[in-house]
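Peer 1: compute the structure for the input listed below.
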Amino acid sequence: MKHFTPILLLVTLFLAAWQPVVLLPASADAAQGAPALEEQITEIHEASAAWDEAFNAGDLAQLLALYADDAVDMPPGMPALEGIDAIAGDLQYVLETFDAHHETSIVDVKIGGDLALERASYTMELIPKAGGDTINEVGNIWSCDRRLATSGRFYG
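Peer 2: Next comes the predicted model:
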């Protein structure tokens, strides 16, 4: 990807609890030298696909490359995972314990200034490597990503 390192800061929220976010118009992005809006949205879609691909391949290193050091992940039914080390521990556990498949379907992407907001749904299948019942999860994702001035790329 040319301009982004994909971040998918997964923030699972119920739609009824979401508060509207005011985003800057696309023209403000262009004035700051950001890529065209359509290109940014395409790259967010590519970032999401890269997360699914790395997760499904069990590639922890590639997954962690998609997060900023201070990212926060909010898996359903768990406390928030704050920072790359907490996220790494959770992902490592999942990948070592399960044969996993994750599929994200993006519903909408909004870009404003240095922020990207992605709304998506997902399905995930976790098959215990030690045997047992398969876990099927279906949910929603809110991903809020920020572009760092030092790299010009988005991170969680």
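Peer 1: so residue 83 sits against residue 68, correct?
Peer 2: No. In this structure residue 83 lies outside contact range of residue 68 using C-beta atoms under 8 Å: 9.4 Å. Placement of C-beta: from N, CA and C, glycine included.
Peer 1: now the strands for this structure?
Peer 2: 10-11, 72-73, 81-82, 98-112, 115-128, 135-147, 154-155 (DSSP state E).
Peer 1: among those strands, show me which one is buried the most.
Peer 2: strand 154-155 (a mean of 24; mean count of other C-beta atoms under 10 Å).
Peer 1: weakest of the strands of the chain in terms of mean pLDDT?
Peer 2: Ranked by mean pLDDT, the strands of the chain bottom out at strand 10-11, which scores a mean of 32.
Peer 1: the biggest helix by length in the chain packs against which elements?
Peer 2: The longest helix of the chain (DSSP state H) is helix 37-57. With contacts defined as 3 or more C-beta pairs under 8 Å, 6 or more residues apart in numbering; DSSP states H and E, the packing partners of helix 37-57 are helix 26-31, helix 60-64, strand 98-112, strand 115-128, strand 135-147, strand 154-155.
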